[in-house]
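Trainee: Show me how the following folds:
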Amino acid sequence: MNAQEYRAPEGVNRVQSIGFVVGGVALLLAIVGAVTSAEKFYHAYLYSYMWVLGMTLGSLGLLMLQHLTGGNWGIVIRRPLEAASRNIWLVAVMFIPVVLGMKHLYSGNGEELGWLNSPRTGEHALSAFQQNYLTRGGYLTRAVIYFIVWFGLVWIFNAWSKQQDTDRGDRALRRRI
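Mentor: Sure, this is the predicted structure:
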């Protein structure tokens, strides 16, 4: 049996259905939390988002390391790493609430100032570099650049892997990988 003929066991459909229900309930609770306490919601969301981003980019990093070293140690985990790295589109969609909640995340609270509302001069003023770097536009521009690079890397490594599955004897592809 090759990979194209493999079908998941029937139990996977049941687990998937339970996952959708749990995810739907969690989404409703998140919406309630966002409405009742936006600041706490966005801080919790950012923490969770960074965990998911870390898992996705960590998988991409391990995949790149495996391709770089070319060792047999990563052959077993290559497919799960590729699958985890392909979640980058979902991570990009999940970035939208971070953008929408920037004023709650980066404006500070009553006692402290954040970088979005820091004074231009005085005790808590940002340096000239920080005033140019820590802006809403700069933050979003860097995020777009990062996601473009990550999408490109995921696409390249998954495309090479698919080519390798179709033509196992291609020596030039092995060297390129």
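Trainee: any low-confidence regions in this structure?
Mentor: 1-4, 108-125, 168-177 (pLDDT under 70).
Trainee: tell me the centre residue of it?
Mentor: Leu53 (3.2 Å; CA atoms, centre = their mean).
Trainee: So that one versus Ala84, what's the distance?
Mentor: Going from Leu53 to Ala84 by CB to CB, to the nearest Å gives 12 Å. Using the backbone N, CA and C atoms, a C-beta is placed for each residue, glycine as well.
Trainee: Kindly report the same for Val15.
Mentor: Taking CB to CB, one finds Val15 at 18 Å from Ala84.
Trainee: Then Lys162?
Mentor: Distance from Lys162 to Ala84, by CB to CB: 16 Å.
Trainee: Tell me which of the two has more neighbours.
Mentor: For Lys162 and Ala84, the more surrounded residue by other CB atoms under 10 Å is Ala84, and the numbers stand at 19 against 10.
Trainee: For that one, which residues are in contact?
Mentor: 55-56, 59-60 (CB atoms under 8 Å, 6 or more residues apart in numbering).
Trainee: Now name the helix or strand holding it.
Mentor: Applying DSSP states H and E as the criterion places Ala84 in helix 78-85.
Trainee: buried ones in the strand or helix carrying Phe157?
Mentor: Secondary structure from DSSP H and E places Phe157 in helix 136-166. Within helix 136-166, the residues scored as buried using 16 or more other CB atoms under 10 Å are 139, 150, 153-154, 157, 161, 164.
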